[in-house]
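Asker: model the structure of this input:
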Amino acid sequence: MKTTIYEPRWYRNQCAESKLEQFFVRYQESDLCIRSETNLSSLAYNILIRVRKELEAYIIRHSEFGRSLVPVSVLGDAPDIAQEMAQAALKTGVGPMAAVAGAVNHALACELMHFGHTLIIENGGDIFASSHEPVMIALYAGNSPLSMHLALKVDASGGVGVCTSSGTVGHSLSFGKADAVTIIANDCILADAAATAIGNQVNSRDDFNAAIEFAKTIEDISGVIIVQGDRIAAWGKKFEIVGI
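Answerer: Numbers count the residues shown, from 1 in each chain. Predicted structure coming up:
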């Protein structure tokens, strides 16, 4: 779950050169880096403001939604973003705010995809990507010796969510101690919630197998990568682990 504390996105300076347009969209705690075939910054900004205000207004009326660490039911008139977060939370057993970054990405992707097939949205390390070509995503895992030395080569045809939770990096809430738990799923909202849920289960390397078995029980997850120290475990499809 993301907090309101801002951290510089230094890793954005590591991105490879691209023919895509790159632009940044920021509103309150949301800080997005977007690459697309054309500059859609004005449209993206308007979408971001709209969905953030819808969610914030809903949380004022339903405070439990904003603070719960377990799934909660939504009110009958809840906006789409709240309903989608609640559904992902129910599938993974976490609070709905664990999926907020993925839900923002999803909301933007649904509208920006009308303007071109290639789209990459990075939101605090949680990523939506759509591309005819595989997308290379560097694996950042804090002080792990594997951090930034490995990348995921992801099949992004049709759109994919690649979301990461960490118990040692940043201010996101995790009850585990993994340096990185990355989830790949067609649904970016589900990927975000699942990254938190599975990250909560990893306190040592002895937990790798159980965490992966748990990931397999979550319908629609296509991949999981767990890093702690110098060890890595992975399961799934639609991606390869390659050296940088």
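Asker: report back the residue of the protein that's furthest from centre.
Answerer: Going by CA atoms, centre = their mean, the residue of the chain most distant from its centre is G76, 26.5 Å out.
Asker: wasn't it part of a strand?
Answerer: No: looking at G76 with DSSP: H, G, I helix; E, B strand; the rest coil, it is coil, so not inside a strand.
Asker: could you point out the helix or strand that follows the longest helix along the chain?
Answerer: Among all segments of the chain classified by DSSP state H, the helix with the greatest residue count is helix 41-61. Using DSSP states H and E, the helix or strand that follows helix 41-61 towards the C-terminus is helix 63-67.
Asker: and that next one, what's buried?
Answerer: The neighbour-count check on helix 63-67 (16 or more other CB atoms under 10 Å) flags 65-66 as buried. (Each C-beta comes from the backbone N, C-alpha and C, glycine too.)
Asker: ranges for the helices of the chain?
Answerer: Secondary structure of the chain (DSSP H): helices at 41-61, 63-67, 80-92, 100-112, 188-199, 208-216.
Asker: give me the low-pLDDT residue ranges for this protein?
Answerer: 1-17, 170-173 (pLDDT under 70).
Asker: can you do 90?
Answerer: For the chain, residues meeting the criterion pLDDT under 90 lie at 1-19, 28-29, 124-125, 167-176, 238, 244.
Asker: quick one, what contacts F115?
Answerer: Under the criterion of CB atoms under 8 Å, 6 or more residues apart in numbering, the contact list for F115 reads 36-38, 40, 43.
Asker: ok, now with 7 Å
Answerer: When the contact criterion is CB atoms under 7 Å, 6 or more residues apart in numbering, the partners of F115 are 36, 38, 40.
Asker: do the same with I189
Answerer: 84-85, 88, 99, 102-103, 106.
Asker: 8 Å instead?
Answerer: Contacts for I189 were tallied using CB under 8 Å, 6+ apart; they are 84-85, 87-88, 99, 102-103, 106, 161.
Asker: so which of the helices of the chain is the most surrounded?
Answerer: The highest mean neighbour count among the helices of the chain belongs to helix 188-199 (a mean of 31), with neighbours defined as mean count of other CB atoms under 10 Å.
Asker: and that one, how far out from the chain middle?
Answerer: Averaged C-alpha coordinates place helix 188-199 at 7 Å from its chain's average position (CA atoms, centre = their mean, to the nearest Å).
Asker: equivalent analysis for stretch 174-182, please.
Answerer: Stretch 174-182 sits 13 Å away from the centroid of its parent chain (CA atoms, centre = their mean).
Asker: D192 is in contact with K91, correct?
Answerer: No: taking CB atoms under 8 Å as the contact criterion, K91 and D192 are not neighbours in contact, 11.6 Å apart.
Asker: for S166, phi and psi?
Answerer: According to degrees, to the nearest 10, the main-chain angles of S166 amount to phi -140, psi 140.
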